[in-house]
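Colleague: Kindly generate the corresponding structure for this input.
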Amino acid sequence: MTATDTLPVRGLMRDVTHEVLDNGLRVFLVESRELPVVSHMIWYTVGARDERTGETGLSHFLEHMMFKGTADYPKGTIDAITARLGGHNNAFTDSDCTAYYFNLKSDRWTEALAIEASRMQGCLLDQVEFESEKKVVIEELQMGEDEPWRPLWQGVESMAFRVHPYRHPIIGWREELERLQRDTMEGYYRRHYTPDRAVLVVVGDIDASEGMARIQEQLGGIPRAPAPRADVLQEPPQTGERRITVRFNGNMVRCAIAWHTCKVGDRADPVLDLASQLLSGGKAARLYRHLIQGREIAAEVQAYNEARLDPGLFWVIAEGKPQTKPEDLEAAILEEINRFASEGPTARELKRARKQILTSFWFDLETVQSQAMRLGRYEATCEDGWKVLQDYPAQLETITAKEIRDTVKRFLHDDNKTTGWSLPRNGSNS
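Modeller: Take a look at the predicted model:
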């Protein structure tokens with residue numbers, strides 16, 4: 001076991017006890033004694049990014065199966081125990097990681113340790129449950145296809161990423177899910193659900209030294225993976241605009257424009273956070289003022305920075321008002337982006353956006369779960385890990401209008417963008 005580090009993290013306002021066990025498990029403990037509650041989260045560094053051809057959707061499907069029984073906890077037991085203890089549990093999967101969490105009273109949080117130890121090495125992956133849950137996942141996929149935005153997002157991502165596995169939807173392609181075999185899932189589980197591929201975060205009314213001893217007892221003896229996380233093919237630079245159109249029932253037009261950007265933790269990451277806030281963070285933001293209030297051609301508009309473990313995307317999405325012509329809406333969006341790249345923000349705009357982000361940052365850390373969520377996500381998806389949280393507020397203070405302008409020019413240009421449209425099937429508004 002490595003020496004324990006206890007370091008102050010300004011972004012968390014409390015000390016973080018950090019230790020790496022001999023089997024590679026990264027452990028983070030934060031004592032927060034105001035209320036007798038604990039948030040327990042385990043993050044596996046496996047997501048849609050890790051899926052090979054024929055495996056798309058496997059990370060998300062496996063997340064479902066982790067609730068369908070282990071060697072120590074038969075089907076339904078995990079949820080029943082959580083309910084009996086008066087707590088809550090759930091899980092989620094994204095492109096870069098899969099996470100499982102429990103929120104429990106502090107005198108019973110160690111039950112989560114025993115459950116996660118069993119799930120890490122003893123998930124049954126029963127054949128009958130596998131076939132039953134496959135139907136559930138495919139039904140979830142079908143429901144998503146009826147959502148107005150999801151087909152557009154997936155279409156743009158699959159066009160923006162030609163090589164990198166980010167081109168695959170997290171839920172997977174239906175054709176591959178239908179053909180997926182239980183043995184393929186078991187192999188995937190054995191490769192990825194190991195302590196050296198996991199990050200354990202516990203925040204709340206705990207004693208860090210006692211908690212570390214219990215973690216070592218429950219999880220310290222589980223062996224490492226036979227091989228490290230495999231590298232993936234990196235996306236080559238985009239050299240020209242790409243476009244895609246999908247058709248959807250209804251009479252609304254929707255646009256999604258995505259530009260390739262940076263990794264989580266890169267210097268450009270907080271710069272693009274500020275850029276997204278300046279463009280669409282409230283009624284004083286540029287896109288809202290000019291597209292919704294001024295020209296009145298958009299019913300909704302939003303910009304957001306989606307940095308990932310590998311370089312991600314910066315998005316602008318908009319829904320036109322009835323009778324808005326797609327070409328007019330697209331031209332208005334790009335006009336504002338180009339003006340922003342040319343002018344940059346004013347001092348007043350930058351001050352307001354910085355204050356808005358920092359206020360949200362601090363409010364997001366009010367609960368033990370939000371602290372565990374933020375710490376774990378950075379560690380699981382960022383090369384510099386959780387320590388990026390130390391510098392985030394200070395970094396925001398150092399970002400200048402010129403740096404924002406230069407960063408927007410660097411990324412948000414025509415040759416680096418993918419434009420997607422969702423248009424009515426009946427051909428109106430087109």
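Colleague: and stretch 135-152, which residues are buried?
Modeller: Neighbour counts over stretch 135-152 (16 or more other CB atoms under 10 Å) mark 137-138, 141, 150-152 as buried. The way it works is simple: take the backbone N, C-alpha and C, and place the C-beta from them, glycine included.
Colleague: quick one: the strands in the chain?
Modeller: 5-9, 14-20, 26-31, 37-44, 88-93, 98-105, 198-204, 242-248, 254-260, 298-306, 313-320, 417-424 (DSSP state E).
Colleague: Quick one: residues contacting Leu125.
Modeller: 65, 68, 182, 185-186, 189 (CB atoms under 8 Å, 6 or more residues apart in numbering).
Colleague: Let's see which of the residues you listed end up in helices.
Modeller: When DSSP state H is applied, those are split such that 65, 182, 185-186, 189 fall in helices.
Colleague: neighbour-wise, which of these leads?
Modeller: Met65 (22 neighbours; other CB atoms under 10 Å).
Colleague: My guess is that one contacts Tyr188. True?
Modeller: No - when contacts are counted by CB atoms under 8 Å, Met65 is not listed as touching Tyr188 (10.6 Å).
Colleague: and Ala71, how many neighbours?
Modeller: Neighbour tally, Ala71, other CB under 10 Å: 11.
Colleague: for the one 10 residues further on, same thing?
Modeller: Ile81 has 18 neighbours, counted by other CB under 10 Å.
Colleague: Just confirm it contacts Glu111, I think it does.
Modeller: Yes - Ile81 is within contact range of Glu111, at 6.4 Å (criterion: CB under 8 Å).
Colleague: Any chance of JSON lines for the ones in helices among the contacts of Leu125, columns pLDDT?
Modeller: Below are these laid out as JSON lines (pLDDT from 0 to 100):
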{"residue": "Met65", "pLDDT": "98"}
{"residue": "Arg182", "pLDDT": "97"}
{"residue": "Met185", "pLDDT": "97"}
{"residue": "Glu186", "pLDDT": "97"}
{"residue": "Tyr189", "pLDDT": "97"}
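Colleague: Distance to Leu313 for the residues you listed - can I get that in CSV?
Modeller: Output for those, formatted as CSV (distance: CB to CB, whole Å):
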residue, distance to Leu313
Met65, 30
Arg182, 34
Met185, 29
Glu186, 33
Tyr189, 29
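Colleague: wait, which of the residues you listed is closest to Ser132?
Modeller: Met65 (10.2 Å; CB to CB).
Colleague: Contact partners for that closest one?
Modeller: 123, 125, 129-130, 133, 185.
Colleague: These: which two are farthest apart?
Modeller: Going by CB to CB, the pair spanning the contacts of Met65 furthest: Cys123 and Glu133, at 12.2 Å.
Colleague: Can you pull the residues that touch both of these two?
Modeller: With CB under 8 Å, 6+ apart as the test, Cys123 and Glu133 both reach 65, 68.
Colleague: So those two - more neighbours on which side?
Modeller: Between Cys123 and Glu133, Cys123 has the larger neighbour count (other CB under 10 Å), namely 22 against 18.
Colleague: Restricted to helices, list the buried residues of stretch 135-152.
Modeller: Short answer: the buried residues of stretch 135-152 in helices (DSSP H) are 137-138, 141, 150-152.
Colleague: Show me the domain layout of this protein.
Modeller: 5-219, 242-424 (automatic domain parsing).
Colleague: can you give me the end-to-end distance of the last one?
Modeller: So that's domain 242-424. 21 Å (CA to CA, to the nearest Å).
Colleague: ok, Glu296 to Asp328 distance?
Modeller: According to CB to CB, to the nearest Å, Glu296 stands 11 Å off from Asp328.
Colleague: Likewise for Glu176?
Modeller: For Glu176, the distance to Asp328 - CB to CB - is 39 Å.
Colleague: ok, these two, which is more surrounded?
Modeller: Neighbour count, other CB under 10 Å: between Glu176 and Asp328, Glu176 has more, with 16 against 13.
Colleague: Quick check: closest non-adjacent residue to the more buried one.
Modeller: Leaving aside its sequence neighbours, Glu176 sits nearest to Thr56 (CB to CB, 6 or more residues apart in numbering; 4.8 Å).
Colleague: Can you verify my assumption that the one you found contacts His168?
Modeller: Yes - taking contacts as CB under 8 Å, Thr56 lies within contact range of His168: 4.5 Å.
Colleague: Give the residues shared as contacts by the two.
Modeller: Ala48.
Colleague: Same list as before, the ones in helices among the buried residues of stretch 135-152 that is, but in CSV and with pLDDT included.
Modeller: Below are these laid out as CSV (pLDDT from 0 to 100):
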residue, pLDDT
Val137, 98
Ile138, 97
Leu141, 96
Arg150, 94
Pro151, 94
Leu152, 96
